[in-house]
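Enquirer: my questions are about this predicted structure, shown below with the sequence.
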Amino acid sequence: MSVRVRFAPSPTGYLHVGATRAALFNYLFARQKGGKFLLRIEDTDLARSTEESTRSIIDGLTWIGLEPDEPVVFQSANADKHRATAVRLLDEGKAYRDFTPKEEKGDGSVKQAIVERAREKPARSMRDNPYRDLSIEESDARATAGEPFAIRLKVPESGKTQFEDGVFGHQERDYADTEDLVLLRSDGHPLYNLAVVCDDIEMRITDVIRGQDHLTNTHKQILIYEALGVAPPNFAHLPLILAPGGKKLSKRIHGEIVSLTTYRDAGFLAAAFRNFLALLGWSAGEEREIYSMDELVEKFSLAGVHRSSAIFNYEPNNPKRWTDDKAIWMNAEYIRTMPLSELLPLVKTELKSTKLWREEYEEDLLVGGSADAPSIMWRQWFERTVDLIRHRFFTLKDFSQQGRAYFSEDYDFDPPAVDKNLKKIPDLKQWLPELADRFESEFADVGSPYNEQNIEAVVKTFTEEKGTKLGVIMNGARTLLTGVAVGPSMLSVFETLGKERSIQRLKSQIAWS
RNA sequence: GACCGGUUCGUCUAGGGGUCUAGGACACCGCCCUUUCACGGCGGCAACACGGGUUCAAAUCCCGUACCGGUUACCA
C-alpha cells in the first residue's frame, strides 16, 4: 500500500511555525517513501474558522514549498458522512444517546471548569453516565419525543488501547482513563475525533504524523477505529516547540513570532527557514547544518525525531534577536552562499516591493554612457553589486534597507555612524568635497580609469597630504556614501557606485545637517 | 488531581556500556586579516537534573526523587 499522509490544520488563525514543521515532516516522509502529501482543512468549528485563515495556510505552505499532491479537502464538506457514521455506531450499540443537557460555559472559564472537574475527589468514573445503559426503547422514545441528545462512544469497561508510535515507541492507555467521548453534538454537529477518523479512512491515510498534543486523542481515535472495525493507520507524534519560558509556543500568548508569514515578510528565504525548522527536534545524526530539500527528503527518518521538546529562542524586545539566533544565521548563510542566480530574483522581488527596482538591471545597456565611464552593462552591474553586498546581510530586507544607497539616491543616514565617522572629525566636512575634486581631476581622461587600484592610489596620496589616517577618510566616505558604518571594502564601494555618484555624494553636506 | 511524555553547554544538537579529559552549530568573548565592519581564518568559555543500583566499566541499562511539558470540552 502506498504511503499517504496529511497535514490537517484548523483554520483559526495564521499558519503556526510548529504546524509548519509538522507539515514539513509529513512532506519529507511522503516524498521519501514515494507517497502522497495531502492537505485537509479542519473547519468543523464553524464559529472559529475563517476563509482568510485557510488562504493564509495555503499561501504559507506554498511559500515554504509544501504543496499538497491532491486537491484540498475541507472537513466541513463531509459533515453528513460523519453524522451517518455516528448514527451507525448508535444503531450497532457501540454508541449511546446522552440526554444530559449541554452545559453552557463562557469561553474563558472552559479550561478552568475542566481542571476543577478533573480534581474532584474521589475521581468520577469515566463510565458513570446514567444514559450509558438506557434501554434502546426508552432512548428511541425520548429521541422521537424531540428531547435533545449528544451521541457518545460506548467505551468498553475493561481493556486498553495501544499502538506503536513512530517517535515515542509503544504507547498504551487503560480504557478507564478515557471518557465516553462525544461523537456528535446535540445540535447535530460532528466533533473533532470522529471527523478525523472518518476523513482519514476516506482519504486512505496510512501514516498520521502530528503534534504530541494529540497523543491522548490518538487513543480516543483508536477506540473509534475499533468500533468501526477498521484497522488504524500508523501514528507518530512530534514533540512540541516551546517558547523561551518553556511553555508551548502559542499564537495567543506569543503573537506573530509564531506565524510563518512573519518570516516571509521579514525577508527570510523559504529554503533557509525550512532548513532551520527541520533541525528543530530532528537530526540526521551528523555534524552538519545545511540541507537542501532533496537532502532532507533523503535523510529524513522518524527515528531521528526527538522525544523532547525544543525551545524556539528569541528576545521580544531585542531587535537583533527578534527571532531565533540560529534561524537568522541560517538565513544569512543562505544569502551569502547560495548560487547568485537563485538569489537575484529574490532581490528583484524585494527591490520591486520597495520601489527600488529598475528595469535596466536586467538589460544589456551600458551604464553611464560617457567615454570615461567604465564599460559595464546594467545587468552586470546589478549582479556584481548584489554579490558584493550580500556577504554582510541577514535578510532580503537588508537589500532595500542597509543596501538602499546602492539602488537609490534617497537613503537615510544611521545616526550612530554619522556621529562616529563624520561629526567626530570636523575636518571631514571640507576634506570629503576636496576628495571629490581630486577624483574629478585625477579621473578626467580615459588614461586613468576609475577602478579600485587607481582609487586606492589617489585616496592614499590625499590622506598623506592631509596628515590623517586612511581609516578616517574611508570610514567617513563610507558613512556619507552608503549611510551606514558597515559594508564591503570601501574601494569596491567607490567603484560600484561609479565615479559620478561617488563625487556627487562626497560633495553632499546633507549628513551634517 | 489523574494519565502520558521529557530532562547533554544559554539555545539547537551528536552520543544506544569502554574510542567521552563528552563532539558539532548558533550566540558570546579573544586574536588575526583589514581603511571600518555584522564577511573570512584561528582560538576560548560553556553541559550529561539529583540519588541509588546493575557492571571490571554508565551520559549511555534499571529504580526512585525533583523539575518541566502535554492532555484531561457537546474546542480543534
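Expert: Done, it's in.
Enquirer: ok, A:Arg478 - contacts?
Expert: By Cβ atoms under 8 Å, 6 or more residues apart in numbering, A:Arg478 lies in contact with A:Asn421, A:Val484, A:Ala485, A:Gly487, A:Met490, A:Val493. To be clear about C-beta, it is placed using only N, CA and C from the backbone, and glycine gets the same treatment.
Enquirer: tell me the contacts of A:Thr85?
Expert: Contacts here follow Cβ under 8 Å, 6+ apart; on that basis A:Thr85 touches A:Leu183, A:Leu194, A:Cys198, A:Leu228.
Enquirer: thinking again about what came up before, check the contacts of A:Arg478 against RNA strand B, which are close?
Expert: With the criterion set as Cβ under 7 Å from any atom of the strand, the members of those near RNA strand B are A:Val484, A:Ala485, A:Gly487, A:Met490.
Enquirer: can you list these in CSV and add neighbour count?
Expert: Listed next are the ones next to RNA strand B among the contacts of A:Arg478 as CSV, based on neighbours: other Cβ atoms under 10 Å:
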residue, neighbour count
A:Val484, 22
A:Ala485, 15
A:Gly487, 22
A:Met490, 22
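Enquirer: close to RNA strand B, is stretch A:309-325?
Expert: Yes - judged by Cβ under 7 Å from any atom of the strand, stretch A:309-325 comes into contact with RNA strand B at A:Ser309, A:Ala310, A:Ile311, A:Asn313, A:Lys320, A:Asp324, A:Asp325.
Enquirer: of those residues, closest to A:Ala405?
Expert: When the residues of stretch A:309-325 next to RNA strand B are compared for distance to A:Ala405 (Cβ to Cβ), A:Lys320 comes out closest, at 21.4 Å.
Enquirer: where does the stretch 351-500 of chain A have low pLDDT?
Expert: Residues of the stretch 351-500 of chain A that meet the criterion pLDDT under 70 lie in A:368-374.
Enquirer: over to chain A?
Expert: Scanning chain A for pLDDT under 70 picks out A:104-109, A:115, A:121-122, A:368-374.
Enquirer: SS state for A:Asp387?
Expert: Secondary structure assignment for A:Asp387 (DSSP: H, G, I helix; E, B strand; the rest coil): helix.
Enquirer: most surrounded residue in the residues of stretch A:309-325 next to RNA strand B?
Expert: A:Asp324 (20 neighbours; other Cβ atoms under 10 Å).
Enquirer: shouldn't that residue be in contact with A:Glu315?
Expert: No - A:Asp324 is not in contact with A:Glu315 according to Cβ atoms under 8 Å; the separation is 10.0 Å.
Enquirer: hang on, the earlier thing: including neighbour count, distance to A:Ser375 and secondary structure, could the contacts of A:Thr85 go into a markdown table?
Expert: Below are the contacts of A:Thr85 laid out as a markdown table (neighbours: other Cβ atoms under 10 Å; distance: Cβ to Cβ, whole Å; DSSP: H, G, I helix; E, B strand; the rest coil):
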| residue | neighbour count | distance to A:Ser375 | secondary structure |
| --- | --- | --- | --- |
| A:Leu183 | 28 | 76 | strand |
| A:Leu194 | 26 | 72 | helix |
| A:Cys198 | 24 | 69 | helix |
| A:Leu228 | 18 | 76 | helix |
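Enquirer: which of those residues are close to RNA strand B?
Expert: When Cβ under 7 Å from any atom of the strand is applied, no member of those is adjacent to RNA strand B.
Enquirer: got the buried residues for stretch A:55-70?
Expert: By neighbour count on 16 or more other Cβ atoms under 10 Å, the buried set for stretch A:55-70 is A:Ser56, A:Ile57, A:Ile58, A:Gly60, A:Leu61, A:Trp63, A:Ile64, A:Leu66, A:Pro68.
Enquirer: do it and RNA strand B meet?
Expert: No - Stretch A:55-70 is not in contact with RNA strand B by Cβ under 7 Å from any atom of the strand; minimum separation 11.7 Å.
Enquirer: let's see that stretch as PDB, backbone CA atoms only.
Expert: Extracted C-alpha coordinates of stretch A:55-70, given in PDB (Å, rounded to 0.1, in the frame of the first residue of the first chain):
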ATOM      1  CA  ARG A  55      -5.900  31.200   2.400                       C
ATOM      2  CA  SER A  56      -3.100  32.100   4.700                       C
ATOM      3  CA  ILE A  57      -2.300  28.500   5.500                       C
ATOM      4  CA  ILE A  58      -2.300  27.600   1.800                       C
ATOM      5  CA  ASP A  59      -0.100  30.600   1.000                       C
ATOM      6  CA  GLY A  60       2.300  29.800   3.700                       C
ATOM      7  CA  LEU A  61       2.600  26.200   2.600                       C
ATOM      8  CA  THR A  62       3.100  27.300  -1.000                       C
ATOM      9  CA  TRP A  63       5.800  29.700   0.100                       C
ATOM     10  CA  ILE A  64       7.800  27.200   2.000                       C
ATOM     11  CA  GLY A  65       7.500  24.600  -0.700                       C
ATOM     12  CA  LEU A  66       5.000  22.200   0.700                       C
ATOM     13  CA  GLU A  67       2.200  22.000  -1.800                       C
ATOM     14  CA  PRO A  68      -0.300  19.100  -1.500                       C
ATOM     15  CA  ASP A  69      -0.400  16.400  -4.100                       C
ATOM     16  CA  GLU A  70      -4.200  16.300  -4.300                       C
END
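Enquirer: and the helices in the stretch 151-300 of chain A, which stretches?
Expert: A:192-202, A:215-228, A:251-254, A:260-265, A:270-278, A:293-299 (DSSP state H, counting those that start in this stretch).
Enquirer: same list (the ones you listed) but as CSV, adding distance to A:Arg40.
Expert: As requested, the helices of the stretch 151-300 of chain A are exported to CSV (distance: least, Cβ to Cβ, whole Å):
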stretch, distance to A:Arg40
helix A:192-202, 6
helix A:215-228, 14
helix A:251-254, 20
helix A:260-265, 18
helix A:270-278, 21
helix A:293-299, 22
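Enquirer: A:Thr178 is nearest to which of those?
Expert: The nearest among those, by Cβ to Cβ, is helix A:215-228 at 5.9 Å.
Enquirer: how about the residues of the stretch 401-513 of chain A that lie near RNA strand B?
Expert: With Cβ under 7 Å from any atom of the strand as the criterion, the stretch 401-513 of chain A meets RNA strand B at residues A:402, A:470-471, A:474-475, A:478, A:484-491.
Enquirer: in what helix or strand does the closest residue in space to A:Ala8 that isn't next to it in sequence lie?
Expert: Leaving aside its chain neighbours, A:Ala8 sits nearest to A:Arg40 (4.4 Å; criterion: Cβ to Cβ, 6 or more residues apart in numbering). Per DSSP states H and E, A:Arg40 falls inside strand A:36-41.
Enquirer: re earlier: turn the residues of the stretch 401-513 of chain A next to RNA strand B into a markdown table, columns for secondary structure and distance to A:His189.
Expert: Shown next, in a markdown table, are these (DSSP: H, G, I helix; E, B strand; the rest coil; distance: Cβ to Cβ, whole Å):
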| residue | secondary structure | distance to A:His189 |
| --- | --- | --- |
| A:Gln402 | coil | 53 |
| A:Leu470 | helix | 75 |
| A:Gly471 | helix | 72 |
| A:Met474 | helix | 70 |
| A:Asn475 | helix | 68 |
| A:Arg478 | helix | 65 |
| A:Val484 | coil | 57 |
| A:Ala485 | coil | 61 |
| A:Val486 | coil | 58 |
| A:Gly487 | coil | 60 |
| A:Pro488 | coil | 61 |
| A:Ser489 | coil | 66 |
| A:Met490 | helix | 68 |
| A:Leu491 | helix | 70 |
